[in-house]
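1. whatever this is, show me its structure:
(2 chains)
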Amino acid sequence: MLKFPKSAALAVLALTAFASPSLAEGDIDAGEKVFKKCRACHAVGDGAKHKVGPELNDIFGRTAGGAEGYKYSKAMIAAGEEGLVWDADSLTEYLTKPKAMIKGTKMAFAGLKKDDDIENILAYLKSFSTEQAAAAEPAPETASEAEPVETAAAAPDAEEPATEMAMAVEASQGAYGLGRKAMPDEIAAWDIDIRPDGTGLPDGKGTVAEGEPIYAESCAVCHGDFGEGAGRWPVLAGGQGTLLKERPVKTIGSYWPYLSTVFDYVRRAMPFGNARSLSDDDVYALTAYLMYLNDIVEDEEFELSKQNFTVMRLPNEANFIADDRLSEPHYAKGEEPCMSDCKPGPVQITARAQVIDVTPDGDGDESSGGGID
Amino acid sequence: MVDRTDTKQAQQTASRRSFLKAGLMGGAAVAAGTGVARAAGDPLITEIQDWNRYLGEGVDVAPYGKPSEFEADVVRRSVPWLTADPVSSINFTPLHELDGIITPNGLCFERHHGGTATIAPADHRLMIHGLVDTPLVFTMEDLKRFPRENRVYFLECAANGGMEWRGSQLNGCQFTHGMIHCVVYTGVPLRYLLEEAGVKTTGKWLLAEGADAAAMTRSIPMEKALDDCLVAFKMNGEALRPEQGYPLRLCVPGWEGNMWVKWLRRLEIGDAPWAQREETSKYTDLLAGGKARRHTWVMDVKSVITSPSPQAPVTHGKGPLVITGLAWSGSGTIKRVDVTIDGGRTWQTARIDGPSLPKALHRFYLDINWDGSELLLQSRAIDDQGLVQPTKNELRAARGENSIYHNNGIQTWHVNNDGVVENVEVS
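-> Numbering: from 1, shown residues only, chains lettered A, B, ... in the order given. Just a heads-up that it's a prediction; the model follows:
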């Protein structure tokens, strides 16, 4: 019983999610440039033939897996059999993350990240489709020999599992059949993490000079004008050479192993109390500025971008090691603990908390002892 | 006779100094209230009391019940100077007031990085994506249709005791050891959800993310995720408390609390760890030589005497004294707890009472006859892997004083002749 209202609600969700792209107007010339990414595998225009992937004349209105003479993946054929017809909405979803929509597709292309690129490439492809086909209604069989987007470059997909259909909401295929398939836009909205190898970095760029005013406006109130930290807010800069001292100052420059962590954290959680409010370019600029505050770069015109990001290294990267607690003497000795005559004489007190006097008691005048930062 | 209400209110305002004073007065003050018969007999017995004559409140006065008004000082407390802002801060479980192994929900310590998120369960989603056959989205309703398990686990912040590395600092086991709680969780084994999505063979790591304003993230190795992790929606039988991640949190049994992502909304499968802030700049253990350990996930074997302790002085004078405390290990069960009353020269094996469950708190007791002389109390836990809780000096020798995290050193309480207790270190 519960399932029906749920799927109905989700269907509405799906419709709204895909309503907008089809309304967008792309630019044909710009689309031709984007299509350079596709030319290795796909042909379009007069005399276009199948290459690694099928030719793309009259792709609008074509049933998925429907171009004669091209050997599709089972997944693509099944998608067509279940009613998938290429139009602006379905192509938008597919080109965003092909494998997310058609699991088992042969197309190796990872997808286009920018909405503009997709709109433009669709405008370009549409210029090679007949008006009728482009009308986007599930126009049944257009006679053309055309074909959707697929390449043979990828997997040896002889044994592909049963395909899921792409479009709308789809139930889980797992043992319990609970949950439903996540849509590409949903994954993109939440998947903002970045790894040290650069995986997940968005397009964008920003310079030290561009980062300075953003920092002054959004960050300095807590972190100080030069990253020195206000009150007990985290110190972001300086501290080089203090890791061996009694009070180490652990900053991006003195301690953090990876620059990707700076970008990731600022983008997901900063400014404190207004997370996700900075643009990707802002975050590149801020990250560049934090490198500058930490003397990792010295040129105010230095520009950090997706392209040069992974070349950057933080000074302390090499000083992180694996967990080897069990090799410490007190664990490694593996002896039965002493039960009697364990210490030679009467035991002396060597430290007292009351001397330190930092336990909270409402007087509010405690200075800080060693903190947990 | 001592007015209990006044005494409690005094303690409530309070404060280390107050409870130290209470401790100093201890023997004398409380003796008057312990029911010692006077010539005319104890008026609490010989005179009819109000509660024995007049009717009390009926049902439904408190549809969700609360502890007795006389327990009003049994609350979580914070150490204001520890952090910059209470929104990204921590408070502490009042271990000295509790017994058994289960922590009441309202007393479980809180640690958030962007405040407590307020999420209606109907608005909550859990997404699994990345290296899976089918990326999935679950509603809370979906999750409650998977088979469930009930498990008792402790959750300890890796920084528990972090302020004590350089020496005795905070005078109370609430503050030295209170970043821990132990409840029974109800939830779905994480592996069921991962199997539903179909983890690819290249999927070796999992990133867990919260829906709060910090979007907390931690990398977890797939082996652990498939072993005993739970996606929990109940604690001690009722829905998770908001500050514990309502409506959904991850349980990573035996591993540091920061990994138990609250308000869990996303699980990404990948082939390498993500090196997030909380596993690089934080929750890494700086050693004396300048190297820092990372991925120090397991919580070490550890114990503490919760009473007597600085906030729970001995108020009854000589004679029978219950020494009690907690022991735990992220590696399994506690095999044995030893207690010393002379600072570690001689040890006696304590009595573990109540359930002995893996990766859960264990309650121990040593019942002694106190002769009124000074005591140097310590406890020492040994887990089922044979690991023995080290001394603070052993830890400092191995790591220096700047590790912050994973301080499982033996705690010493000094009990003076009056029953006042202080956090100390010994030779």
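
2. pull the contacting residues for the residue of the stretch 101-250 of chain A at minimum distance from chain B.
-> Among all residues of the stretch 101-250 of chain A, A:Gly174 sits closest to chain B, at 3.3 Å; criterion: CB to the nearest CB. C-beta coordinates here come from the backbone N, C-alpha and C atoms, glycine included. Contact partners of A:Gly174, counting by CB atoms under 8 Å, 6 or more residues apart in numbering or on different chains, are B:Thr134, B:Leu136, B:Glu195, B:Glu196, B:Ala197, B:Gly198.

3. please tell me how far the second one sits from chain A.
-> Same thing as B:Leu136. B:Leu136 is 4 Å from chain A, where distance means CB to the nearest CB, to the nearest Å.

4. for that residue, give the beta-bridge partners.
-> According to DSSP bridges, the partner residues bridging B:Leu136 are A:Lys181, B:Ile128.

5. what's the burial count for it?
-> If you count neighbours by other CB atoms under 10 Å in any protein chain shown, B:Leu136 ends up with 27.

6. the fourth one now?
-> B:Glu196 is flanked by 25 other residues according to other CB under 10 Å.

7. repeat for the first one
-> Residues lying near B:Thr134 (other CB under 10 Å) number 22.

8. and it, what does it touch?
-> Counting by CB under 8 Å, 6+ apart, B:Thr134 has contacts A:Lys103, A:Glu164, A:Ser172, A:Gln173, A:Gly174, A:Lys181, B:Ala197, B:Gly198.

9. confirm for me that the last one is in contact with B:Leu131.
-> No: contact status for B:Gly198 versus B:Leu131: not in contact, 9.6 Å apart, counting by CB atoms under 8 Å.

10. so how many other residues sit close to residue 86?
-> With no chain named, the answer covers chain A. Every residue meeting other CB under 10 Å relative to A:Trp86 is counted, giving 26.

11. other chain: chain B
-> 13.

12. got it, and the one 4 residues further on?
-> If you count neighbours by other CB under 10 Å, B:Ile90 ends up with 22.

13. what is the lowest-pLDDT residue among the contacts of B:Thr134?
-> When the contacts of B:Thr134 are compared by pLDDT, A:Glu164 scores lowest at 41.

14. can you select the buried ones from the contacts of B:Thr134 in PyMOL?
-> To isolate the buried ones among these in PyMOL, judged by 16 or more other CB atoms under 10 Å in any protein chain shown, type:
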select buried, (chain A and resi 103+164+172+173+174+181) or (chain B and resi 197+198)
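
15. which helix or strand contains residue 194?
-> Answering for chain A, as no chain was given. Counting by DSSP states H and E, no helix or strand carries A:Ile194.

16. think we crossed wires, I meant chain B
-> Using DSSP H and E, the element containing B:Leu194 is helix B:190-197.

17. can I get the CA coordinates of that helix in PDB?
-> Taking Å, rounded to 0.1, in the frame of the first residue of the first chain, the C-alpha atoms of helix B:190-197 are listed here in PDB:
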ATOM      1  CA  LEU B 190      25.500  -1.100   7.400                       C
ATOM      2  CA  ARG B 191      26.400  -4.100   5.200                       C
ATOM      3  CA  TYR B 192      22.700  -4.600   4.400                       C
ATOM      4  CA  LEU B 193      22.500  -1.100   2.900                       C
ATOM      5  CA  LEU B 194      25.800  -1.600   1.100                       C
ATOM      6  CA  GLU B 195      24.700  -4.900  -0.300                       C
ATOM      7  CA  GLU B 196      21.500  -3.300  -1.500                       C
ATOM      8  CA  ALA B 197      23.500  -0.800  -3.600                       C
END
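
18. what stretches of the stretch 151-300 of chain A score poorly on pLDDT?
-> The stretch 151-300 of chain A contains residues with pLDDT under 70 at A:151-168.

19. helices along that one, start to end?
-> For the stretch 151-300 of chain A, helices defined by DSSP state H, counting those that start in this stretch occupy the ranges A:184-190, A:208-218, A:220-223, A:259-269, A:280-293.

20. for A:Ala30, which of the ones you listed is the nearest?
-> Closest to A:Ala30 of these is helix A:280-293 (CB to CB; 20.3 Å).

21. packing partners of that closest one?
-> Applying 3 or more CB pairs under 8 Å, 6 or more residues apart in numbering or on different chains; DSSP states H and E, we find helix A:280-293 packed against strand A:205-207, helix A:208-218, helix A:259-269, strand A:303-305.

22. tell me the angle it makes with helix A:208-218.
-> Angle of helix A:280-293 versus helix A:208-218, following axes from the mean of the first three to the mean of the last three CA atoms, to 10 degrees, is 100 degrees.

23. which residue is the nearest non-sequential neighbour of the closest residue to chain A within the stretch 51-200 of chain B?
-> Per CB to the nearest CB, B:Glu196 is where the stretch 51-200 of chain B lies closest to chain A, at 3.3 Å. Once flanking residues are discounted, B:Glu196 sits nearest to A:Gly174: 3.3 Å by CB to CB, 6 or more residues apart in numbering or on different chains.

24. B:Thr280 - how many residues pack around it?
-> Using other CB under 10 Å, B:Thr280 is surrounded by 27 other residues.

25. doesn't A:Val262 make contact with it?
-> No: counting by CB under 8 Å, A:Val262 is not a contact partner of B:Thr280; they are 9.8 Å apart.

26. ok, the contacts of B:Thr134 vs A:Pro248, which is closest?
-> Nearest to A:Pro248 among the contacts of B:Thr134 is B:Ala197, at 41.6 Å by CB to CB.
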